[in-house]
Each structure stands twice: as structure tokens, then as C-alpha cells.
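J.: Using only what follows, build the 3D model:
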Amino acid sequence: MKNNVQLITYVDRLTGSNINELNKLLRDHFSSLFSGVHLLPFYYPIDGSDAGFDPIDHTKVDNRVGNWQDVKALGENYDVMADLIVNHMSAQSAEFQDVLNKGKGSSYWDLFLTQERVFPNGLTKSQQDKIYRPRPGSCFTKFSLPEGKSANFWTTFTENQIDIDVTSKSGQNYLSRILSRFAENNVNIIRLDAAGYAIKKANTGCFMLEETFGFINELTTQANNLGIETLVEIHSYYQTQIEIAKRVDQVYDFALPPLILHSLFNKDFSALESWLNISPRNCITVLDTHDGIGIIDVGPMDNQPGLLTDIQIDNLVEKIHQNSKEESKKATGAAASNVDLYQVNCTYYDALAKCNFDYLLARAIQFFAPGVPQVYYGGLLTQTNDMELLAKTQVGRDINRPYLTAKSVNDALQKPVTKALIELIRIRNCCDAFNGEFSINAQQALLTLSWTSAEASAELSVNLVENKADITIKEHQEIKVIKLNELLLD
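T.: Okay, the predicted model is just below:
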């Protein structure tokens, strides 16, 4: 994986078309801007109940966006990241429908996880209370089987997402088929979606168990042998994230987005400094993704202090609602169909009250933080909350999953803040200092992030009292100073 900025995007929501059109868009408008592209689920179907994260056929490209040859062609010029959805598949899949029709007589019976398989002696209330839940309600759904029988299947996220038994021979073969298809078509990075929930064991929280690490390590070895790197997607307590990072190839720095917001809202970098002094270095950084802005990643857990206190988190969430003119409140928690109640659904741009300087500063901090940066397509084009799509679907995360046309992309590219962000990406990509050593210094409203290599140095200096931020690049015996305010005027 190259240490340059990557793009996160849906195929159909950025181009309104297909993978070939996306490839053309990248060549025509973003030449040399991104070293890699995270293609959000492009499997059949792209428009399921969870925007592709509930595949009916994980090995098939939805023909509305192209085919595997198109993915392969994209991979000739970019690192291509794809989601390996390890925890579940669609209830509409041929495999699960066969189970519903044949019950235990189905050759796919062992592919899916039932309550009985984990709790053969029945599930007690105490055992159920221990299970870590990303959403309220039961993690089981009862389905009718032939001859008047029924079974409770694990459905960690929604009733249309049936959990796979990854320990079974059928489950292992299923994942191996997907990996092979990826390797054949130039997918060289995989994001292990919902991997923390993959292993279930009685009398535990059924989340990030010791056995889960074993599963991730085995899958990573299998992927590495095919020339594929792995990125583990897990929202959890920050100390847990640090431990996870020690045992996997790459993790997300999900604590960074809320900490940057907290810093800018309060003109205080103390919490951010504490985190960046201990944060994993083998990470991918983001501000926004196809999901919401995570909160659990900075909060306390089980009476252990977090990076922020409960009061600070409450103030953070309320400030996001206030900045977005209450739009985020309509998309968050019980207000819409959400599977992640620990996230705030809002564009990052709206979370910052559409302040161009604050938004560009947030991106600068992201690019200077340790890790490989990814930029979401909506954030790249500084899109605002899509209230029309939210009203249509009543899916909270759709507020930040807009469908863009060629015209809306072209219009966004003319905005000063978008132009400034693109220039910032070029700065991040072109300076060798970011392959060197990182250091941080903060004094409440003052922040300095520095990178130094043998050949270059790069420094971001921020003063929130005066609302100023400068980037100083020293390279090839030349010094260049970029002022963020002036970048917005160019």
C-alpha cells in the first residue's frame, strides 16, 4: 500500500454509471491525485437493504456497474480495496433460500450460524445480556423451516443479513472463493467488514474474542499468500483498538474524526495530542466514510476512562446537531432506520457548520496525522446533508451517501474549498517527509504536527485563537509556506 491519499467511493453514487466511467472520471478530473480507490460494495445487488453490505452473491459484480474485467482494468492503475463481508450475507441469497426450503437437508445448512449451534443447551438471559450489540433488540431472527420447524439464526445487524459460521467448512470455502475472485481481478487490499463479530462463543460478549484474532490472522495469511493486504474495520474502545493494531496488518483510526471536531469546537487540542502520542501507526485515517461519525471510539467503557468524557461527548454530539441545523438529529439514533446507534449521521462539512476554513483545517490535520489518509467522495466534493434522499429512504446513513451526476461533480469541482482540498492532497502526496518520523506538540489552542525524513520536513502549525494555519515544506534546499486561508482564495 502506497503512503498516498486514497479515495473511498460507491461506483454508482459518484459517477451515476459504472466502473469504466469511474476510471475515466479519475483520469480526467483527478489525475495522479489518488494512489488507491476503496470501491464500496459493487456486488450483486448494490441496492440491497444495506447499500451492498448484504450481498446476494459476493462473487458477482452487479451488472449495472460492470464486471470483473472492469475491476481488473481499474487495478492496473490504482491500488483497489474491496470489502470482504466476513460476518453475513443476504437472506435473499440462493444459499439461504435453499436452507429455508430444505432445512437441515440443505447442503448449505452449516454455512449459516444458528442460536442452537452456539448455545446447544439453550440461551439464558445472563448469556444474552453479555452479547455485545451494535443495535438494540435481539441478535436472533426466527425463520420457518419445512415440516413446521423453525430456527433462530444469528442476525447481528438486520434481519436480511444472516450471519455466516466462519468456523464451518462451508463458511471457510465461501470466504476462500471470494478471496480467489479478488486476487484474479487486481484487488490487492481487502477491508474485513464487521470482522469483530465473526466468532461467537457462549458466555462471552461474542465480539473481538481471542478466537476472533485467530480467525483474522488465518484469513490475513490466506489473503497475503494471494498478494492481498488486509484492513480490519472495528469500532471499539480506544485501548482495544491499540491492542488490535498490534495483531493485524492495518486498522482504522476511528478516534481521529470526533477528536478533531472536539478540538475545533473547544479550541483545545489536549485530547487530540494525547491520542496521537499513542495511536497506532499502521492505520488508515478518515474523517468521513459511508457510515456515520463514530462516538464509541473516543468514549469510556466498562468504567474505564475514554479519550473524552461522557459530558464532552454529549457536548460534541449536540454541537454537531446545532451546526447542521438539527439535520443530523433527523438521521441519528432512533430517528431513522439505523443499525449503528453509536454513530452520528452527518456530513463532516455540515458537522463543521459548512465553514470552509475549519473543514480544510480538519483535512490538513488528518493528512498530517500518522497513517495513510482516505477521503470519502462526498467529503472530496464538500457535499452537504442529503435531506431529500434521507426523506425518501428513511435510512439515517443515506444523509451522507448522495447520488451525484456529472453536472454535480463538475459544479463541486469549481468550489474554492474543493480546489483547496485537492491542492492539499497534492501536497500530502508529493512530500517525502511523510515517510519519515512524526512528532506533535500542543498547548491548548496551539498545535504543531511535524514530519521529518532524511531529505525533507513538513510542518503544520495551527493557532485557533487567531484562526490561522500554515504548512511549511522544506525539500531540496527550498522552503515553501502554504497558508490555508490563502489556499481558499486561490
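
J.: ok, now how distant is Val395 from Lys330?
T.: Remark: distance between Val395 and Lys330 (CB to CB, to the nearest Å) = 12 Å. (Each C-beta comes from the backbone N, C-alpha and C, glycine too.)

J.: Might you calculate how far stretch 426-438 sits from the centre of the chain?
T.: On the basis of CA atoms, centre = their mean, to the nearest Å, stretch 426-438 sits 23 Å off its chain's mean C-alpha point.

J.: what comes up buried for that stretch?
T.: Using 16 or more other CB atoms under 10 Å as the test for burial, stretch 426-438 gives 427-429, 431-434, 436, 438.

J.: and those as a markdown table, adding secondary structure?
T.: As requested, these are exported to a markdown table (DSSP: H, G, I helix; E, B strand; the rest coil):
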| residue | secondary structure |
| --- | --- |
| Ile427 | helix |
| Arg428 | helix |
| Asn429 | helix |
| Cys431 | coil |
| Asp432 | helix |
| Ala433 | helix |
| Phe434 | helix |
| Gly436 | coil |
| Phe438 | strand |
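
J.: any idea of the pLDDT on the residue nearest to Asp358 when sequence neighbours are not counted?
T.: Spatial nearest neighbour of Asp358, excluding adjacent residues (CB to CB, 6 or more residues apart in numbering): Leu352 at 4.5 Å. pLDDT for Leu352: 98.

J.: for the one 3 residues further on, same thing?
T.: At Cys355 the predicted local distance difference test score is 97.

J.: got the end-to-end distance for stretch 109-122?
T.: Taking CA to CA, to the nearest Å as the measure, stretch 109-122 stretches 19 Å from start to finish.

J.: Could I get the buried residue list for it?
T.: For stretch 109-122, the neighbour count (16+ other CB under 10 Å) marks 109-115, 117-119 as buried.

J.: and the residues you listed, which of them are in strands?
T.: In strands, judged by DSSP state E, none of the buried residues of stretch 109-122 are found.

J.: from those residues, which single one is nearest Val65?
T.: Nearest to Val65 among those, counting by CB to CB, is Leu111 at 26.3 Å.

J.: hmm, back to that, separation between the residue nearest to Asp358 and Thr9?
T.: Look at Leu352 and Thr9: by CB to CB, they are 21 Å apart.

J.: Ok, Gly196 next?
T.: 24 Å.

J.: In terms of neighbours, single out the busier of those two.
T.: Taking other CB atoms under 10 Å, Gly196 and Thr9 do not tie; Gly196 has more neighbours (26 against 23).

J.: which ones are touching that one?
T.: 207-208, 212, 232, 234, 236 (CB atoms under 8 Å, 6 or more residues apart in numbering).

J.: let's go with 6 Å and repeat that
T.: Contact partners of Gly196, counting by CB atoms under 6 Å, 6 or more residues apart in numbering, are 207-208, 234.

J.: distance of it from Ala442?
T.: Distance of Gly196 to Ala442, given as CB to CB: 31 Å.

J.: just Glu95 next, same as before
T.: Using CB to CB, Glu95 is found at 52 Å from Ala442.

J.: Check the contact between Leu484 and Tyr359; I expect there is one.
T.: No - counting by CB atoms under 6 Å, Tyr359 is not a contact partner of Leu484; they are 10.3 Å apart.

J.: Could you check which of these two is surrounded by more residues?
T.: Neighbours per residue, other CB under 10 Å: of Leu484 and Tyr359, the larger number sits with Tyr359, 25 against 21.

J.: Am I right that that one is in a helix?
T.: Yes - Tyr359: assigned to a helix according to three-state DSSP.

J.: so it makes contact with Tyr348?
T.: No - Tyr359 is not in contact with Tyr348 according to CB under 6 Å; the separation is 7.1 Å.

J.: For Ala335, give me the pLDDT.
T.: 61.

J.: right, I mislabeled it, should have said Ser138
T.: Confidence for Ser138, expressed as pLDDT, is 89.

J.: what's the helix or strand for the residue lying closest to it once chain neighbours are set aside?
T.: If the residues on either side of it in the chain are set aside, Ser138 comes closest to Gln128, at 7.8 Å by CB to CB, 6+ apart. Assessed by DSSP states H and E, Gln128 sits inside helix 125-130.

J.: Just the CA trace of that helix, in PDB.
T.: The C-alpha trace of helix 125-130 is given here as PDB (Å, rounded to 0.1, in the frame of the first residue of the first chain):
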ATOM      1  CA  LYS A 125     -30.900 -14.200  30.000                       C
ATOM      2  CA  SER A 126     -27.500 -13.800  31.500                       C
ATOM      3  CA  GLN A 127     -25.800 -15.200  28.400                       C
ATOM      4  CA  GLN A 128     -27.900 -13.000  26.200                       C
ATOM      5  CA  ASP A 129     -27.100  -9.900  28.200                       C
ATOM      6  CA  LYS A 130     -23.400 -10.500  27.700                       C
END
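
J.: helices or strands next to that helix in the packing?
T.: Using 3 or more CB pairs under 6 Å, 6 or more residues apart in numbering; DSSP states H and E, no helix or strand is in contact with helix 125-130.

J.: Give me the contacts around it.
T.: In contact with helix 125-130 (CB under 6 Å, 6+ apart) are residues Gly205.

J.: just stretch 305-312 next, same as before
T.: Contacting residues not belonging to stretch 305-312 are listed as 238, 255, 271, 275, 298-300 [CB under 6 Å, 6+ apart].

J.: how about it: buried residues?
T.: 306-308, 312.

J.: And stretch 483-490, by the same measure?
T.: In stretch 483-490, counting by 16+ other CB under 10 Å, buried: 484, 487-488.

J.: coming back round to it: redo the buried residues of stretch 305-312 as JSON lines? Include pLDDT.
T.: Listed next are the buried residues of stretch 305-312 as JSON lines, based on pLDDT from 0 to 100:
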{"residue": "Gly306", "pLDDT": "94"}
{"residue": "Leu307", "pLDDT": "96"}
{"residue": "Leu308", "pLDDT": "95"}
{"residue": "Gln312", "pLDDT": "94"}
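
J.: Cys346 reaches Lys325, doesn't it?
T.: No - using CB under 6 Å, Cys346 is not in contact with Lys325; the gap is 10.6 Å.

J.: So for the two, which sits in the more crowded spot?
T.: Cys346 (28 against 12).

J.: quick one: that one from Asn356, how far?
T.: 17 Å.

J.: And for Gly48?
T.: 36 Å.

J.: likewise Gln366?
T.: Taken as CB to CB, the span from Gln366 to Asn356 is 16 Å.

J.: now swap in Lys415 and tell me
T.: 9 Å.

J.: Also Thr393?
T.: Distance from Thr393 to Asn356, by CB to CB: 29 Å.

J.: out of the two, which sits in the busier spot?
T.: Asn356 (20 against 16).

J.: which residues in the stretch 51-200 of the chain form helices?
T.: In the stretch 51-200 of the chain, helices defined by DSSP state H, counting those that start in this stretch lie at 68-74, 94-102, 115-118, 125-130, 169-184, listed in chain order.

J.: In terms of mean pLDDT, which of these ranks lowest?
T.: helix 125-130 (a mean of 93).

J.: Just the buried positions in that one, please.
T.: Buried-residue list, helix 125-130, by 16+ other CB under 10 Å: Gln127.
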